[in-house]
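**Q** mind folding the following:
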Amino acid sequence: METPSRFKFTQLFFLIISLSSGLISCILCIVAEVKRNKKEDIRWSGNMCYLPPNQAFGCGIAALACFCVAQITANSIFFKNSCSGWKRNAMFKIPAISKILFLISWFSFGFAVILLITATSMSRRQPFGVGWLDGECYLVKGGTYVGSAILILVALASITGSALSTKKTSHVDQGRKIHVQNGMT
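**A** Predicted structure coming up:
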């Protein structure tokens, strides 16, 4: 059985990993926004276009990887808190606010991943005649990576809030125990 101090240290460690990975992902999204191809980067050869490779592709991949690490780590904290509360007390219920925050985090995660995958895919080199889709060159619209960064922050805040609200309620159940002292009267 884990000692309480080890339990708190492990959760604090995972929380720090989750928050730092999420913040790194946001920073990488902002860097990708700055480094994305602009309209003046398009080169034309007759009716075929060409977009050179840029650093937004690498930043987008790194942002996606960091965001997945942050989401998985924060979810492990949430499930550890909710499962340990359920094991200690058969009457334990996950609070409604925790469930709502958990769903918000997964919706934000899904939308952010879709935005990041699409924008990152468009940031690859688009050779003459190949393009991104149907032989045409496409540019990432301004604000797409920033929108992803905002969704990352929403997902990170909501899953962290969900994990912490579950932890808070699991400690309340321990306060109701009656301790009987043995000894001389």
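**Q** helices or strands up against the lengthiest helix in the chain?
**A** Using DSSP state H, we find that the single longest helix of the chain is helix 55-88. Packed against helix 55-88 by the contact rule (3 or more C-beta pairs under 8 Å, 6 or more residues apart in numbering; DSSP states H and E) you find helix 4-35, helix 96-122, helix 144-172. C-beta: built from backbone N, CA, C; applies to glycine.
**Q** what comes up buried for the shortest one?
**A** Judged by neighbour count using 16 or more other C-beta atoms under 10 Å, the buried positions of helix 96-122 are 98, 101-102, 104-105, 108-109, 112-113, 115-116, 118-120, 122.
**Q** which one of the residues you listed is nearest Ala63?
**A** Leu116 (6.1 Å; C-beta to C-beta).
**Q** Cys29 is in contact with Leu116, correct?
**A** Yes - with contacts counted by C-beta atoms under 8 Å, Leu116 reaches Cys29, the gap being 7.5 Å.
**Q** can you list residues touching both of the two?
**A** 60, 63, 145, 148 (C-beta atoms under 8 Å, 6 or more residues apart in numbering).
**Q** tell me the spacing between the third one and Ile117.
**A** Looking back up the chat, that one is Tyr145. Separation of Tyr145 from Ile117 (C-beta to C-beta, to the nearest Å) stands at 12 Å.
**Q** pull up the overlap in contacts between those two.
**A** Common neighbours of Tyr145 and Ile117 are not found (criterion: C-beta under 8 Å, 6+ apart).
**Q** would you quantify the distance from Arg36 to Trp106?
**A** 27 Å.
**Q** Ala70 too?
**A** Per C-beta to C-beta, Ala70 is found 13 Å from Trp106.
**Q** what's the answer for Lys35, then?
**A** Lys35 sits 29 Å away from Trp106, going by C-beta to C-beta.
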